[in-house]
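J.: fold the following, please.
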Amino acid sequence: MLIIFDLDDTLIDTSGALIPLKLKMSLQAMADAGLKVPSFEKAFLELLKIDASSPNGKETLTRFVEKMQADAHLLDAGLREYLHLPEDFSVSALDEAESVLTTLAQEHTLVIVSTGLEEAQHAKMEKAGLPKELFQKIIICPDYNKKLYYLRLLQELRYDATETMVCGDKFDTDLLPAKELKMITVQMLWGRALKSSSDGKADYTIKKLRELLPILEGLKA
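T.: Numbers count the residues shown, from 1 in each chain. This is a model prediction of the structure:
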């Protein structure tokens, strides 16, 4: 089977380790660009509050700037900073990620399709200790439209959609395109996905990567 993984909050703990830091950096960049806030700490708490119900960082910053009634160029400054990693950052793989991926790679073809900047996403994998050799392909796409990349993988690796599983945390961007292609979908309940309802959407939901193993065994039966 072809198994396509998202990276952030599916294989690594981006929400816990990086998102608060990146939001603070973005707020500082917007302040440096001229955003007027009565209190930096209160503004940061407001950012975190907005982020708790946002699907991604871009939406968080957009809603924050709109609430502050600030100029659009300030949003651009925040978004530019959000996309970059600090020089010294730490991020961890999710529980048992390496051992589960190693087990899966023995019988299945593993691929990553992740949204972000190429250099940053690879740096996260290295920092989290995820062996790149376990994946036949690692695709970093510049936007959240993953359907085209899924289609290309089916053609290139010669898999049928019914032989393909997609595992990600965001339903709309990771899993909805897969469902439209008749792929098997697994939602990782981590990060923002913990705060959203997933009932009746993904074919399976998991909280630990190890839960993929019995799912795959059941599919073989």
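J.: I'd like the next helix or strand past the longest helix seen in the chain.
T.: Looking across the chain with DSSP state H, the single longest helix is helix 19-32. Counting by DSSP states H and E, the next helix or strand C-terminal to helix 19-32 is helix 40-51.
J.: average pLDDT for that next one?
T.: Regarding helix 40-51, the rounded mean pLDDT is 94.
J.: buried residues, that helix. List them.
T.: By 16 or more other CB atoms under 10 Å, the buried positions in helix 40-51 come out as 43-44, 46-47, 50-51. C-beta coordinates here come from the backbone N, C-alpha and C atoms, glycine included.
J.: helix or strand for residue 145, which one?
T.: Counting by DSSP H and E, residue 145 is found in no helix or strand.
J.: determine which two of the buried residues of helix 40-51 are furthest apart.
T.: Largest separation among the buried residues of helix 40-51 by CB to CB: 43 and 51, giving 12.6 Å.
J.: which pLDDT value belongs to the residue nearest to residue 105 when sequence neighbours are not counted?
T.: Of all residues not flanking residue 105 in the chain, residue 134 sits nearest, at 4.7 Å (CB to CB, 6 or more residues apart in numbering). Residue 134 carries a pLDDT value of 98.
J.: specify the local secondary structure of residue 98.
T.: helix (DSSP: H, G, I helix; E, B strand; the rest coil).
J.: pretty sure it is touching residue 131, no?
T.: Yes. Here residue 98 reaches residue 131: they are 6.7 Å apart, a contact under CB atoms under 8 Å.
J.: now do the residue at the greatest distance from the centre of the chain against residue 46, distance only.
T.: Here the chain reaches farthest from its C-alpha mean at residue 38, the gap being 32.4 Å by CA atoms, centre = their mean. Using CB to CB, to the nearest Å, residue 38 is found at 11 Å from residue 46.
J.: just checking, what packs against the worst-scoring helix or strand of the chain on mean pLDDT?
T.: Least confident helix or strand, the chain: helix 14-17 with a mean of 85, by mean pLDDT, DSSP states H and E. Here helix 14-17 touches no other helix or strand, going by 3 or more CB pairs under 8 Å, 6 or more residues apart in numbering; DSSP states H and E.
J.: how about the contacts made by residue 19?
T.: Under the criterion of CB atoms under 8 Å, 6 or more residues apart in numbering, the neighbours of residue 19 are 51, 57, 191.
J.: now do the contacts for the last one.
T.: In this case it means residue 191. So residue 191 contacts 8-9, 13-16, 19, 169 (CB under 8 Å, 6+ apart).
J.: one more pass at 10 Å, please.
T.: 8-10, 13-16, 19, 169-170 (CB atoms under 10 Å, 6 or more residues apart in numbering).
J.: ok, residue 98 and residue 131, which is more surrounded?
T.: Using other CB atoms under 10 Å, the more surrounded residue of residue 98 and residue 131 is residue 98, with 16 against 12.
J.: what segments of the chain are strands?
T.: Along the chain, the stretches classed as strands by DSSP state E are 2-5, 109-115, 137-141, 164-168, 184-188, 204-206.
J.: a markdown table for the ones you listed, including mean pLDDT and mean neighbour count?
T.: Formatted as a markdown table, those follow (pLDDT from 0 to 100; neighbours: other CB atoms under 10 Å):
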| stretch | mean pLDDT | mean neighbour count |
| --- | --- | --- |
| strand 2-5 | 98 | 24 |
| strand 109-115 | 97 | 21 |
| strand 137-141 | 97 | 17 |
| strand 164-168 | 98 | 25 |
| strand 184-188 | 97 | 25 |
| strand 204-206 | 95 | 17 |
